[in-house]
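Chemist: with the sequence up front, the predicted model follows.
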Protein chains: 2
Amino acid sequence: MATMEELKLRVRELENELIKCKQKQCATEQLHRPKIEKMSAEVVDSNPYSRLMALKRMGIVDNYESIRTFTVAVVGVGGVGSVTAEMLTRCGIGKLLLFDYDKVELANMNRLFFQPHQAGLSKVEAAEHTLRYHILMTYSRNHGGLEDDKPVDLVLSCVDNFEARMAINTACNELGQTWMESGVSENAVSGHIQLINPGETACFACAPPLVVAANIDEKTLKREGVCAASLPTTMGVVAGILVQNVLKYLLKFGRVSYYLGYNAMQDFFPSMAMKPNPQCNDRHCRRQQEVYKEAERPKNEVIQVEEEEVLHEDNEWGIELVSEEANEETQAAAAAVADLPEGITVAYTIPMNKGDGEMVEETEQSLEDLMAQMRKL
Amino acid sequence: MATMEELKLRVRELENELIKCKQKQCATEQLHRPKIEKMSAEVVDSNPYSRLMALKRMGIVDNYESIRTFTVAVVGVGGVGSVTAEMLTRCGIGKLLLFDYDKVELANMNRLFFQPHQAGLSKVEAAEHTLRYHILMTYSRNHGGLEDDKPVDLVLSCVDNFEARMAINTACNELGQTWMESGVSENAVSGHIQLINPGETACFACAPPLVVAANIDEKTLKREGVCAASLPTTMGVVAGILVQNVLKYLLKFGRVSYYLGYNAMQDFFPSMAMKPNPQCNDRHCRRQQEVYKEAERPKNEVIQVEEEEVLHEDNEWGIELVSEEANEETQAAAAAVADLPEGITVAYTIPMNKGDGEMVEETEQSLEDLMAQMRKL
């Protein structure tokens, strides 16, 4: 049996060990730092804003601080969405809304951002923890009461299936919400981003979405014992060009891309702009086209794409494609679909059992529903 | 004074608290998992390799598992180097050697990877901690005794100044070591990657390095109260195209790029290939050119660049430029330098106080020194 002295010694030992353990924990999992009121441009090692504010001195961005006034929604927090959220956070975005119903799996470890110990957590939970406790510490987000009712400035689609994209498209057409779409191919070696401004550019229902390869619903694939390939490289590039386009759009610098593709096999980056289809199946798209025509000017002051050498000017969808040679991969993929310009192929397999227009009407979930769900979290 | 019973109670309390603290810590900072012997292609959520091995089934890569036999050295673990290291780790690279003499600062938080609580740690230390304890858990690295003497398969330059690039160039020319260079401009809106195979392609001393904007030593800038701008987007894209090129080179798929630029303002991606300069100041480069000529075939079986429409075929440096319109930024930058093809400008300001050839000869530190230093760590 322990003596009084032995017990006292044990208490001291345990107390010391506990202090050490708690200190170590603090180092790994620090709490919020106070909100930094002003983005300083001072060049000191302790200023997390110096390299961003330098964009003003370099003459690239007129008003970098305005980044803190913007709210961006990221739908889909997977390989592209998580990196997108991290980039926006590190750029000092005002507010970030994250949507995802999926959980982190070890099978996601071949992409950036999520870590093995987060397996089993919801993707939103895990992303919020990393962004808020580990990275956001030095940044701040606007939590003003009134601002919660402010609409989002931009919706980013980083989802991995056709139905989710179509749901976002329907909601954004209804609300007249500008959004950007992103995607990577199932073979992991191509991807794209696209800016959709309802009424001004082709929406997702105007034409079969165009990228360099086909995309397949991951859940369907897994059931069949196969899965889509993915690479952190391709997803990093797609997230990078997506958030770069977001920065250019929100902070008004450079040329905002309407469509930018990435073909990793050939290091080929096609770009184009697409006009909306006056016979679009989505009635909200047709309404937005009327609104846009009446306004007779770019709604969001998006910088117009300069004239480039345009091929295939007279095709059905108003596709404008800059001159580039097609590669074997895209040619092979395009072979299955008739009447598409060289180098352009259908991105998603549109479910065959749905009639014309139905896939638009069937989608019940609006962006407002998504937002309402997010607020509840 | 405490009684025997009180002391016993305190010991129990402390023991319980300590267990809880340690459990929590384990959840945040798990230890190594055992090495996974084989990269499995099984499609289950718990398999971290399934999405990578799917590249084989998709017909993109013949032998993805061979990634584990390669050793890559990353020199410079900053905005580009850290993301490069994370991507390579998540792709399952065999062995990674990291070199950097710098420390993590809060001013680096506008890029991906490093987190605020790592401020003050050396970049290599912080990167190793994240990669080994948080990400590598599910991956494994080869730690075989013999393999430590195996030369690296590829050196990646992710440094931020001219002198460091020239040191790497000199060492690689001497060793006949294939390497890839990467860089981002001081205004944060352009970058490039370049493959240098001594004797086959232009080395860093053959010609003024060519990218879309100037780069300046960060230390010099900081002394003057200014700093280069940087963005996580641009660095993410550059790291992405760099590691994609590494994968294509090592795993022999797609077309390896000799030079790929990224201009974020215009979403313009120039590509080209450059022959070495027979009058290069670096004698090891000239020697490698002789070796290459004698071999009369691509040394590392790099897939040859296909013939594209080539402009400016008869320029001094053998620059081959694919047809693309030049943009305002590059035109402005090119104005300062005569005799460069349209759209191509000098990347780095070569220090004026050094004579011809001197900058090569002055560099004492070889790659072997760097490697020796790494082994000591």
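Modeler: Here it is on my side, so go on.
Chemist: enumerate the residues of the stretch 151-300 of chain A near chain B.
Modeler: A:186-189, A:221-222, A:225-234, A:236-237, A:239-241, A:243-245, A:247-248, A:253-255, A:257, A:260, A:264-267, A:269, A:271 (Cβ under 8 Å from any Cβ of the partner chain). Quick note: C-beta positions are derived from backbone N, CA and C, even for glycine.
Chemist: buried subset of those residues?
Modeler: Buried members of these, counted by 16 or more other Cβ atoms under 10 Å in any protein chain shown: A:186-189, A:222, A:226-234, A:236-237, A:239-241, A:243-245, A:247-248, A:253-255, A:257, A:260, A:264-267, A:269, A:271.
Chemist: filter those down to just the ones in helices.
Modeler: A:222, A:232-234, A:236-237, A:239-241, A:243-245, A:247-248 (DSSP state H).
Chemist: from chain B, how far off is residue A:108?
Modeler: Residue A:108 sits 8 Å away from chain B, going by Cβ to the nearest Cβ, to the nearest Å.
Chemist: swap in residue A:168?
Modeler: 22 Å.
Chemist: picking that back up, closest to residue A:198 out of the ones in helices among the buried ones among the residues of the stretch 151-300 of chain A next to chain B?
Modeler: Using Cβ to Cβ, residue A:245 comes nearest to residue A:198 of those, at 17.1 Å.
Chemist: what about chain A, any weak spots by pLDDT?
Modeler: Within chain A, the stretches with pLDDT under 70 are A:1, A:23-35, A:136-150, A:208-225, A:296-377.
Chemist: can you list the residue ranges for strands in it?
Modeler: Under the criterion DSSP state E, chain A contains strands at A:71-75, A:95-99, A:154-157, A:179-184, A:190-196, A:210-211, A:259-263, A:271-274, A:310-311, A:319-322, A:345-346.
Chemist: so what does the fifth one touch, helix or strand wise?
Modeler: In terms of contacts (3 or more Cβ pairs under 8 Å, 6 or more residues apart in numbering or on different chains; DSSP states H and E), strand A:190-196 is packed against strand A:179-184, strand A:210-211, helix A:232-251, strand A:259-263.
Chemist: just give the nearest non-adjacent residue to residue A:227, would you?
Modeler: Residue nearest to residue A:227 in three dimensions, not counting chain neighbours: residue B:43, with 4.7 Å by Cβ to Cβ, 6 or more residues apart in numbering or on different chains.
Chemist: the one you found - how many residues pack around it?
Modeler: 19 (other Cβ atoms under 10 Å in any protein chain shown).
Chemist: surely it meets residue A:226?
Modeler: Yes. Assessed by Cβ atoms under 8 Å, residue B:43 is found in contact with residue A:226 at 6.0 Å.
Chemist: from chain B, how far off is residue A:112?
Modeler: In terms of Cβ to the nearest Cβ, residue A:112 sits 6 Å off from chain B.
Chemist: can you give me the buried ones in stretch A:288-296?
Modeler: A:288, A:289, A:292.
Chemist: which one of these is nearest chain B?
Modeler: Closest to chain B out of these is residue A:292 (23.7 Å), distances taken as Cβ to the nearest Cβ.
Chemist: hmm, residue A:164 is touching residue A:76, no?
Modeler: Yes. Here residue A:164 lies in contact with residue A:76, judged by Cβ under 8 Å, at a distance of 6.9 Å.
Chemist: quickly list what's touching both of these two.
Modeler: residue A:157 (Cβ atoms under 8 Å, 6 or more residues apart in numbering or on different chains).
Chemist: who's more crowded, the two?
Modeler: residue A:76 (25 against 19).
Chemist: same list (the buried residues of stretch A:288-296) but as CSV, adding distance to residue B:18.
Modeler: Shown next, in CSV, are these (distance: Cβ to Cβ, whole Å):
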residue, distance to residue B:18
A:288, 62
A:289, 66
A:292, 65
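Chemist: excluding its backbone neighbours, what's nearest residue A:233?
Modeler: residue B:244 (4.1 Å).
Chemist: contacting residues around the one you found?
Modeler: Residue B:244 sits in contact with A:231, A:233, A:234, A:237, A:264, where contact means Cβ under 8 Å, 6+ apart.
Chemist: can you give me the helices in the stretch 51-200 of chain A?
Modeler: A:79-90, A:123-129, A:162-175 (DSSP state H, counting those that start in this stretch).
Chemist: mind listing what's buried along the shortest one?
Modeler: Read that as helix A:123-129. A:123, A:124, A:125, A:126, A:127, A:128.
Chemist: elements contacting that helix?
Modeler: Short answer (3+ Cβ pairs under 8 Å, 6+ apart): helix A:123-129 packs on helix A:79-90, strand A:95-99.
Chemist: residue A:289 and residue A:199: what is the separation?
Modeler: 5 Å (Cβ to Cβ, to the nearest Å).
Chemist: kindly reformat the ones in helices among the buried ones among the residues of the stretch 151-300 of chain A next to chain B as JSON lines containing distance to residue A:65.
Modeler: As requested, those are exported to JSON lines (distance: Cβ to Cβ, whole Å):
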{"residue": "A:222", "distance to residue A:65": "45"}
{"residue": "A:232", "distance to residue A:65": "32"}
{"residue": "A:233", "distance to residue A:65": "33"}
{"residue": "A:234", "distance to residue A:65": "33"}
{"residue": "A:236", "distance to residue A:65": "27"}
{"residue": "A:237", "distance to residue A:65": "28"}
{"residue": "A:239", "distance to residue A:65": "24"}
{"residue": "A:240", "distance to residue A:65": "23"}
{"residue": "A:241", "distance to residue A:65": "24"}
{"residue": "A:243", "distance to residue A:65": "18"}
{"residue": "A:244", "distance to residue A:65": "19"}
{"residue": "A:245", "distance to residue A:65": "20"}
{"residue": "A:247", "distance to residue A:65": "13"}
{"residue": "A:248", "distance to residue A:65": "16"}
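Chemist: farthest pair within those residues?
Modeler: Within these (distances taken as Cβ to Cβ), the two that end up farthest apart are A:222 and A:248, at 36.3 Å.
Chemist: picking that back up, got any residues that touch both of residue A:289 and residue A:199?
Modeler: With Cβ under 8 Å, 6+ apart, residue A:289 and residue A:199 have common neighbours residue A:276.
Chemist: ok, is stretch A:5-15 in contact with chain B or not?
Modeler: Yes. Using Cβ under 8 Å from any Cβ, stretch A:5-15 reaches chain B at A:7, A:8, A:10, A:11, A:14, A:15.
Chemist: the residues you listed, buried ones only, as a PyMOL selection?
Modeler: The buried residues among the residues of stretch A:5-15 next to chain B can be selected in PyMOL (16+ other Cβ under 10 Å) with this line:
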select buried, chain A and resi 7+10+11+14
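Chemist: okay, and which of the residues of stretch A:5-15 next to chain B map to helices?
Modeler: Counting by DSSP H, the residues of stretch A:5-15 next to chain B contribute A:7, A:8, A:10, A:11, A:14, A:15 to helices.
Chemist: who are the contact partners of the nearest residue to the fifth one once chain neighbours are set aside?
Modeler: Once its chain neighbours are removed from consideration, residue A:14 has its nearest residue in residue B:14; the separation is 3.8 Å (Cβ to Cβ, 6+ apart). When contacts are counted by Cβ under 8 Å, 6+ apart, residue B:14 is found next to A:11, A:14, A:15, A:18.
Chemist: just the closest of those residues to chain B, please.
Modeler: residue A:14 (3.8 Å).
Chemist: any figure for the gap between the closest one and residue B:3?
Modeler: Counting by Cβ to Cβ - residue A:14 and residue B:3 are separated by 18 Å.
Chemist: what does residue A:20 give?
Modeler: 28 Å.
Chemist: among these two, which residue is more densely surrounded?
Modeler: residue A:20 (12 against 9).
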